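Enquirer: Coordinates for the following, if possible.
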Amino acid sequence: MTTEEIMSLALGMSGYRRVPEDSAIFVPGNGIRKVLFGLDVSTAELQLAKTLGVDLVIAHHPPGTTTEIWKVFLRHVEFMTAGGVPEDAALAAVAEKVEGLKLRGQAANYDHVPSVARLLGIPFMNVHAPLDELGRRRMREEVDAVLAPYHPASSTGATREGSAPVGTGLARGHATVGDIVEALSALPEMRAAPTKVQLALGDARNPVSKVVVAHGAYTNGGYPVAHTCFAHGIDLVVYIHIDFGELQRLRAEGRGNLIVTGHLAGDSLGFTPFLRELRKHGLEVTTFSGAIEP
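Expert: Model (predicted):
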């Protein structure tokens with residue numbers, strides 16, 4: 001396979017029509033048979049890959065902040081509006097983070113790790129949002145399966161150009177937050193992880209009908225996104241991680257429910273299906289750097 005074919009496979013699986021700003025082929029390659037895949041790859045890991053004699057290194061997380069990575073964070077707007085949050089409120093919720101990402105993109109040494117891959121002559125790429133979208137869909141399916149007995153879940157394909165369909169998945173009934181925690185905890189990747197799905201805010205007995213699964217938008221939405229969801233009638237937000245200070249701000253308000261799945265466990269929901277497909281295509285894939293498969 002070639003690096004272009006591998007990227008196309010990820011895009012096709014996730015529904016993306018183009019490569020998003022947090023994913024890239026830094027050093028192209030062809031005739032690929034042996035792959036090293038990890039969540040985080042830096043210069044030392046590239047040297048390790050060279051020593052191991054692999055044909056390609058695939059990182060999940062981007063190796064640096066690019067100048068336009070902020071565009072991926074705007075997916076939070078899609079998640080929120082699909083859940084019923086007014087667009088102006090959703091845009092206001094992400095505005096500060098978007099500005100910060102733009103500034104980081106101006107300051108970051110985005111070519112540091114890719115330049116080492118070029119010098120070593122080793123093909124190198126990363127696939128982030130497409131794999132996170134696969135994971136988000138799996139979580140969304142579990143949420144909708146819990147809510148479905150109370151009201152049929154709906155799904156819409158409306159989306160901005162280049163991104164994958166969001167889907168509303170908004171069912172109304174009397175499932176509880178605890179039911180959602182239990183369903184997500186049953187996923188194989190969650191069972192295999194040393195971390196546990198955590199109810200970080202709220203009560204497991206609370207009824208839930210509107211849920212936003214906020215994953216696949218570069219990083220979590222922190223306080224502003226969750227706060228805005230709760231202010232507009234969303235019962236439950238699902239993140240894969242959140243900063244403690246942001247969580248404390250939400251707890252101080254005493255409104256809404258927040259589930260945190262765990263970072264590596266949440267990411268694994270997306271990359272394990274992708275790695276299975278690579279192996280079906282005849283590639284030998286070795287995982288490391290947090291990429292623990294169930």
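
Enquirer: low pLDDT regions in the stretch 101-250 of the chain?
Expert: Under the criterion pLDDT under 70, the flagged ranges of the stretch 101-250 of the chain are 151-173.

Enquirer: which stretches of it form strands?
Expert: Shown for the stretch 101-250 of the chain, the strands assigned by DSSP state E, counting those that start in this stretch span residues 124-126, 175-176, 198-201, 207-208, 211-213, 236-239.

Enquirer: check contacts around residue 250.
Expert: Residue 250 sits next to 201, 223, 226-227, 230, 256, 258 when contact means CB atoms under 8 Å, 6 or more residues apart in numbering. Bear in mind the C-beta positions are built from the backbone N, C-alpha and C, glycine included.

Enquirer: Tell me the most packed of the residues you listed, by neighbour count.
Expert: residue 226 (32 neighbours; other CB atoms under 10 Å).

Enquirer: ok, and the closest non-adjacent residue to that one?
Expert: residue 237 (4.7 Å; CB to CB, 6 or more residues apart in numbering).

Enquirer: Over to residue 190?
Expert: residue 265 (5.3 Å).

Enquirer: Helix, strand, or coil at that neighbour?
Expert: helix (DSSP: H, G, I helix; E, B strand; the rest coil).

Enquirer: Identify the residues contacting it.
Expert: 189-190, 192-193, 195, 197, 240.

Enquirer: Among the contacts of residue 250, which ones are in helices?
Expert: Members of these lying in helices (criterion: DSSP state H): 223, 226-227, 230.

Enquirer: now, among those, which is nearest to residue 93?
Expert: Minimum distance to residue 93 across the ones in helices among the contacts of residue 250 is 7.4 Å, recorded for residue 227 (CB to CB).

Enquirer: Is that closest one in contact with residue 253, as I believe?
Expert: Yes - assessed by CB atoms under 8 Å, residue 227 is found in contact with residue 253 at 7.0 Å.

Enquirer: what about the closest residue in space to residue 208 that isn't next to it in sequence, how many neighbours?
Expert: Nearest residue to residue 208, sequence neighbours excluded (CB to CB, 6+ apart): residue 235, at 4.3 Å. Neighbour count of residue 235, defined by other CB under 10 Å: 21.

Enquirer: show me the contacts for residue 291.
Expert: 37-39, 60, 268, 271, 275.

Enquirer: Longest helix in the protein, please.
Expert: Max-length helix for the chain by DSSP H is helix 87-107.

Enquirer: Can you mark which positions in that one are buried?
Expert: 90-91, 93-94, 97-98, 101, 104-105 (16 or more other CB atoms under 10 Å).

Enquirer: So what angle separates the directions of it and helix 222-231?
Expert: 170 degrees (axes from the mean of the first three to the mean of the last three CA atoms, to 10 degrees).

Enquirer: List of residues touching helix 87-107?
Expert: 65-70, 73-74, 76-77, 80-81, 85, 218, 221-222, 224-225, 227-228, 231-232.

Enquirer: Out of those, which end up buried?
Expert: For the contacts of helix 87-107, buried by 16+ other CB under 10 Å: 65-66, 69-70, 73-74, 76-77, 80-81, 85, 218, 221-222, 224-225, 227-228, 232.

Enquirer: Just those: which are in helices?
Expert: 70, 73, 76-77, 80-81, 222, 224-225, 227-228.

Enquirer: State the pair within the residues you listed that is farthest apart.
Expert: 70 and 227 (20.0 Å).

Enquirer: Give me the mean pLDDT for stretch 15-25.
Expert: Per-residue pLDDT over stretch 15-25 has a mean of 97.

Enquirer: how about the CA coordinates for it, as PDB?
Expert: What follows is stretch 15-25, C-alpha atoms only, in PDB (Å, rounded to 0.1, in the frame of the first residue of the first chain):
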ATOM      1  CA  GLY A  15     -17.000   9.700   6.000                       C
ATOM      2  CA  TYR A  16     -14.500  12.500   5.600                       C
ATOM      3  CA  ARG A  17     -14.300  13.800   2.000                       C
ATOM      4  CA  ARG A  18     -10.900  15.400   2.400                       C
ATOM      5  CA  VAL A  19      -7.900  15.300   4.800                       C
ATOM      6  CA  PRO A  20      -8.700  17.500   7.900                       C
ATOM      7  CA  GLU A  21      -6.300  20.000   9.200                       C
ATOM      8  CA  ASP A  22      -5.100  17.900  12.100                       C
ATOM      9  CA  SER A  23      -4.000  15.000   9.900                       C
ATOM     10  CA  ALA A  24      -1.300  14.800   7.200                       C
ATOM     11  CA  ILE A  25       1.100  12.700   5.100                       C
END
